[in-house]
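> Need a 3D model of the sequence below.
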Amino acid sequence: MIHATLHQLKVFEATARHGSFTRAAEELYLTQPTVSIQVKQLTKAVGLPLFEQIGKRLYLTQAGQKLLETCQEIFDGLDQFEMAVSDLKGLKQGQLRLAVITTAKYFVPRLLGPFCQRFPGIDISLKVTNHQQIQERMANNDDDLYIISTPPEQPDLKIYPFLENPLVVLGPQDHPLVGKPRSPISVLNGEQFIMREPGSGTRQAVQKLFAEHDIDVRVRLELGSNEAIKQAIAGGLGISVLSLHTIISEGTTGEFAILDVDHFPIDRQWYVAHLAGKQLSVVSQAFLNYLLEESHAMVENLLPGINRVPPAMAAGAKTKGDEVLTKV
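Sure, this is the predicted structure:
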């Protein structure tokens, strides 16, 4: 009989998934020597090599591959046990593993607050990251639910639109367009513009709209952070298009103003997703229902006095909560 601890199996699984002691150590908040020692002890217990090293990357041996499959079965079984226990306890206890893209950090914590007050025994793990890492986490089944702005092409997902995500033109308070009634989109021609980084969903939506209407802005800066873009706007470096939710904390009474330009806001949605084959725990299902049923009204209260839902978007609100299944 092989004597191995659950900790050793978790260290091994992370190492096998990353093909690296260093990256496994970073994920598990351990030192690299600790990870290496745990794998060596497990290798000794098995009696066969689990990895072979080629260059800087680790590759599983046949024994290592068999052990990885066994680890996955064990961890899946423990997850099922945790869900069963959670079902028995109802919503008094449990864990919710949630991953969200960076822009969602402006409103998701405000939605989590009332949910945690309602169910104080629940532990929340919140990971804020970019689209690429979200897809990696989906592929690894690292989380229960994902909040995204653009449905990815993989893996198989159940996706539910739950909240409008309007993209608005933001400028400094002293911009010439501030306070002017609806201006044609052509007024943006030649404007100093601050653009999100290539690959950003916001940038793709803006570029698509500008191409449709032959708008040529002067891109002065490309920034990968909404916070950096807001600081650049406040510093007078130009205007930009951002999700309205990025100014939840400031509103339009501070350094920013929403410019009333034709074809804006750009209608987009926030989505909550989970793997198509995943059995949601009671806690995860409760939070999913909470998002679908209550998030819209709560976010409305976070941005008082801002007319942010155009008629076209309001007409499409009936789709909120409908399930979309994507497969590749």
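> these two touch, right, Phe193 and Arg220?
Yes - the pair Phe193 / Arg220 is scored as a contact, 6.4 Å apart, by CB atoms under 8 Å. C-betas here are computed from N, CA, C, even on glycine.
> Pick out whichever of these two has more residues nearby.
The residue with more neighbours, out of Phe193 and Arg220, is Phe193; 22 against 15, by other CB atoms under 10 Å.
> out of everything not next to it in sequence, what's closest to that one?
Leaving aside its sequence neighbours, Phe193 sits nearest to Val217 (CB to CB, 6 or more residues apart in numbering; 3.9 Å).
> neighbours around the one you found, how many?
By other CB under 10 Å, the residues close to Val217 number 20.
> Equivalent analysis for Pro49, please.
By other CB under 10 Å, 12 other residues sit near Pro49.
> Backbone torsions only: list them for the closest residue to it other than its chain neighbours.
Closest residue to Pro49 apart from its sequence neighbours, by CB to CB, 6+ apart: Thr61 at 5.1 Å. Per-residue torsions, Thr61: phi -80, psi 180 (degrees, to the nearest 10).
> how many neighbours does Thr61 have?
14.
> I'd like to know how far it sits from Gln192.
Distance of Thr61 to Gln192, computed by CB to CB, to the nearest Å: 58 Å.
> Please apply the same query to Gly236.
9 Å.
> more crowded one of these two?
More neighbours surround Gln192 than the other of Gly236 and Gln192, with 15 against 12 (other CB under 10 Å).
> pretty sure the more buried one is touching Gly235, no?
No - look at Gln192 against Gly235 with CB under 8 Å: they stay out of range, at 11.5 Å.
> which other helices and strands contact the strand or helix carrying Leu96?
Assigned by DSSP states H and E, Leu96 belongs to strand 94-101. Secondary-structure packing of strand 94-101 (3 or more CB pairs under 8 Å, 6 or more residues apart in numbering; DSSP states H and E): helix 62-89, helix 108-118, strand 122-129, helix 131-139, strand 145-148, helix 282-302.
> okay, Val261: pLDDT?
On the pLDDT scale, Val261 is placed at 94.
> for it, what are its contacts?
Residues near Val261 by CB atoms under 8 Å, 6 or more residues apart in numbering: Val169, Leu177, Arg182, Ser183, Pro184, Ile185, Val187, Leu188.
> if we can go back for a sec, so which of the helices and strands packed on strand 94-101 is the most packed in?
Stretch with highest mean neighbour count among the helices and strands packed on strand 94-101: strand 145-148 (a mean of 24; mean count of other CB atoms under 10 Å).
> could you dump it to PDB, C-alpha only?
Output in PDB follows, covering the C-alpha atoms of strand 145-148 (Å, rounded to 0.1, in the frame of the first residue of the first chain):
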ATOM      1  CA  LEU A 145     -18.700  30.400 -11.100                       C
ATOM      2  CA  TYR A 146     -17.100  32.900 -13.500                       C
ATOM      3  CA  ILE A 147     -18.200  36.500 -14.200                       C
ATOM      4  CA  ILE A 148     -17.100  37.600 -17.700                       C
END
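> oh, and call the first residue 12 from now on, that's how I've got it
Got it, first residue is 12 now, which makes that one strand 156-159.
> I would like the residues contacting it, please.
Counting by CB under 8 Å, 6+ apart, 107-112, 115, 119, 142, 145, 148-149, 281-285, 295, 298-299 sit against strand 156-159.
> what's the least confident helix or strand in the chain, going by average pLDDT?
Counting by mean pLDDT, DSSP states H and E, the chain has its least confident helix or strand at helix 322-326, which shows a mean of 32.
> where are the low-confidence patches of the stretch 112-261 of the chain?
Scanning the stretch 112-261 of the chain for pLDDT under 70 picks out 165-166, 260-261.
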